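[1] Structure, please.
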Amino acid sequence: MFPRSGDVLRVTRAASVQFTEPMMFRVIRVHDWQTYDGWAWLDGYQLNSVGDAVERRSIFVQVNGLQQAASAIGAMRRSRAAVR
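    Numbers count the residues shown, from 1 in each chain. From the prediction side, this is the model:
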């Protein structure tokens, strides 16, 4: 799966050793910079447990290590809306 703008990803150690703690990440942009085969620079927002952006980041990851996570964020937002 190659990430695109708007994707919500679960980034773990499988994507890069720097991610010892998994994080949710919303992609803003995938850079077209020349890099190692299978790796990419992503710009986006780190998300908290309810899917809100808490920090803008640029990350360097192995594309094959990324996990799609949009359904998890949607479920978190629906449960938060039900509480309101």
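
[2] Now the residue nearest the centre of the chain: phi and psi?
    Geometric centre of the chain, nearest residue: residue 25, 2.5 Å, by CA atoms, centre = their mean. When read as degrees, to the nearest 10, the backbone of residue 25 gives phi -140, psi 130.

[3] Tell me, please, the helix or strand in this protein that averages the lowest pLDDT.
    helix 70-83 (a mean of 54; mean pLDDT, DSSP states H and E).

[4] All the strands of the protein, in order from the start?
    8-11, 23-30, 39-47, 53-62, 67-68 (DSSP state E).

[5] With mean pLDDT and distance to residue 17 as extra columns, can I get those strands in CSV?
    C-betas here are computed from N, CA, C, even on glycine. Formatted as CSV, those follow (pLDDT from 0 to 100; distance: least, CB to CB, whole Å):
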stretch, mean pLDDT, distance to residue 17
strand 8-11, 96, 12
strand 23-30, 96, 14
strand 39-47, 97, 13
strand 53-62, 97, 10
strand 67-68, 94, 16
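
[6] quick one, which of these is packed in tightest?
    Using mean count of other CB atoms under 10 Å, the stretch among these with the largest mean neighbour count is strand 8-11, at a mean of 22.

[7] what's the nearest residue to residue 59 if we skip its chain neighbours?
    Leaving aside its sequence neighbours, residue 59 sits nearest to residue 42 (CB to CB, 6 or more residues apart in numbering; 5.3 Å).

[8] what sits opposite the one you found in the beta ladder?
    residue 30, residue 59 (DSSP bridges).

[9] Now residue 32. Its backbone dihedrals?
    Main-chain dihedrals, residue 32, degrees, to the nearest 10: phi -100, psi 20.

[10] who touches it in this structure?
    By CB atoms under 8 Å, 6 or more residues apart in numbering, no residues touch residue 32.

[11] What distance do you get for it to residue 65?
    20 Å (CB to CB, to the nearest Å).

[12] list the contacts for the residue nearest to residue 59?
    Counting by CB under 8 Å, 6+ apart, residue 42 has contacts 3, 25, 27-31, 58-61.
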